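> what follows is a predicted protein model with its sequence.
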Amino acid sequence: ATPISIITGVGKAAQSGILVRNGESLQSIADVDIIVLDKTGTITQGKSTLNVTHAADTTTENRCLQIAASLEQGSEHPLGLAIREASSERGLKELACSGFEAIAGHGVQAELEGSTWYLGNTRMMAQIGLSLESWESALSELDQHGQTPVFLADEHSIHALFGVADAIKEDAKTCIRALQQQGLEVIMLTGDRQQVAEHIAQQVGIKKVYAEVLPAGKSEVIAGLQESGHKVAMVGDGINDAPALALADVGVAIGAGTDVAIAASDITLIGSSFSGVKKAIGISKATTRNIR
Ligand code: ADP
Ligand code: MG
């Protein structure tokens with residue numbers, strides 16, 4: 001039978017917007033010593049905005065943005081939404097595409113007006129075999145501002161570079177500091193570029209960063225930490241976080257995130273704030289103290 005104090009704890013958590021799957025998950029979060037946080041949508045708002053475009057001239061720029069938005073028509077990624085929004089703000093019409101493909105951790109590709117177009121990161125450009133040489137200074141400028149680079153290319157060359165930025169959640173820094181003061185190690189785990197990840201990590205006081213991790217690699221990082229004897233909680237929102245959320249000792253989903261992430265988790269935080277992680281640990285410790 002479930003001890004009455006656990007039932008009370010689960011109820012108390014629910015009142016604070018923390019939905020706990022069962023009494024066990026509430027108990028186990030008290031034993032966690034590492035908290036792994038996804039970046040996009042967990043530490044940041046996941047509402048990206050297009051900030052800069054590097055292209056030959058304004059005509060080319062609009063044309064490139066139109067193609068980019070068209071390629072993202074089938075995508076649910078925050079980067080895709082940012083690009084489509086910027087394009088529609090300029091009154092550009094999305095063009096018909098075929099053969100759309102989202103390549104996890106890389107970007108998207110599709111056929112448009114008879115050629116194959118690619119929209120994604122440096123890893124994707126390298127895979128097509130395109131040189132980034134003439135884009136190095138634009139790229140490092142984006143790095144300095146912590147903006148995620150998104151390249152538009154066809155099979156022959158890169159046509160534009162977009163810089164996309166995502167704001168940090170208001171409660172992120174104080175919440176992370178509070179967790180650290182409780183003696184927990186806080187780690188960032190993201191598919192984004194090292195430079196962007198470090199820029200955000202520095203602003204919220206996170207020292208350890210795993211960046212440029214492919215979706216399958218996220219759960220490998222969790223497994224590695226567990227193998228070295230740690231009890232790990234993972235907080236995430238995306239489809240790409242789901243395997244890591246499921247593997248972690250405690251998986252915590254951001255309620256505003258994807259259904260897949262919620263389904264894979266033990267705990268769901270209603271809304272988009274993650275201060276609930278701290279509260280859940282508090283309730284869990286108070287609850288287990290009553291039992292032990
Ligand atoms: P995370 O949510 O941890 O940032 P993802 O695995 O979703 O990681 O994405 C990793 C990287 O892959 C992104 O930072 C981006 O560079 C690229 N990418 C993924 N999906 C898209 C997309 N739809 N459009 C452009 N780039 C993308
Ligand atoms: Mg995310």
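Looks like it arrived, so ask away. Numbers count the residues shown, from 1 in each chain. Ligands and ions are numbered 1, 2, ... in the order given.
> going forward, measure contacts and count neighbours with C-alpha atoms only.
OK.
> got phi/psi on the residue in the chain positioned nearest to ligand 2?
Ligand 2 sits closest to Thr40 of the chain, with a gap of 4.0 Å, by Cα to the ion. Backbone dihedrals for Thr40, given as degrees, to the nearest 10, come out at phi -70, psi 120.
> equivalent analysis for the one 5 residues further on, please.
The phi and psi torsions at Gln45 (degrees, to the nearest 10) take the values phi -70, psi -20.
> could you pull out the helices for the stretch 101-250 of the chain?
Secondary structure of the stretch 101-250 of the chain by DSSP state H, counting those that start in this stretch: the helices cover 122-128, 136-144, 172-181, 194-204, 215-227, 242-247.
> what helix or strand is the closest residue to the residue of the chain closest to ligand 2 other than its chain neighbours on?
Residue nearest to Thr40 in three dimensions, not counting chain neighbours: Gly46, with 5.3 Å by Cα to Cα, 6 or more residues apart in numbering. Assigned by DSSP states H and E, Gly46 belongs to strand 44-54.
> which helices and strands does that strand pack with?
Contacts defined by 3 or more Cα pairs under 8 Å, 6 or more residues apart in numbering; DSSP states H and E place strand 44-54 against helix 78-89, strand 158-168.
> got the contact list for the last one?
Just to be clear, that refers to strand 158-168. Residues from elsewhere that reach strand 158-168 (Cα atoms under 8 Å, 6 or more residues apart in numbering): 40, 43-56, 61, 64, 79, 82, 130, 142, 146-153, 200.
> picking up where we left off before, per-residue confidence for the residue of the chain closest to ligand 2?
Thr40 carries a pLDDT value of 90.
> residues contacting it?
Thr40 sits in contact with 46, 166, 190, where contact means Cα under 8 Å, 6+ apart.
> quick one: buried ones out of the contacts of strand 158-168?
In terms of neighbour count (16 or more other Cα atoms under 10 Å), the buried residues within the contacts of strand 158-168 are 40, 43-51, 53-55, 61, 64, 79, 82, 130, 142, 146-153, 200.
> just to revisit the earlier point, so the residue of the chain closest to ligand 2 versus Leu130, what's the distance?
Counting by Cα to Cα, to the nearest Å, the gap from Thr40 to Leu130 is 27 Å.
> same thing with Gln195?
21 Å.
> ok, now Gly105?
Per Cα to Cα, Gly105 is found 18 Å from Leu130.
> likewise for Gly23?
52 Å.
> got the contact list for Ile206?
Counting by Cα under 8 Å, 6+ apart, Ile206 makes contact with 176, 186-188.
> ok, now Leu79?
Counting by Cα under 8 Å, 6+ apart, Leu79 touches 48-49, 164.
> change it to 10 Å
When contacts are counted by Cα atoms under 10 Å, 6 or more residues apart in numbering, Leu79 touches 40, 46-50, 72, 85, 107, 120, 148-150, 163-166.
> so which of those reach ligand 1?
Checked against ligand 1 using Cα under 6 Å from any ligand atom, the contacts of Leu79 yield the following neighbours: 40, 107, 120, 150.
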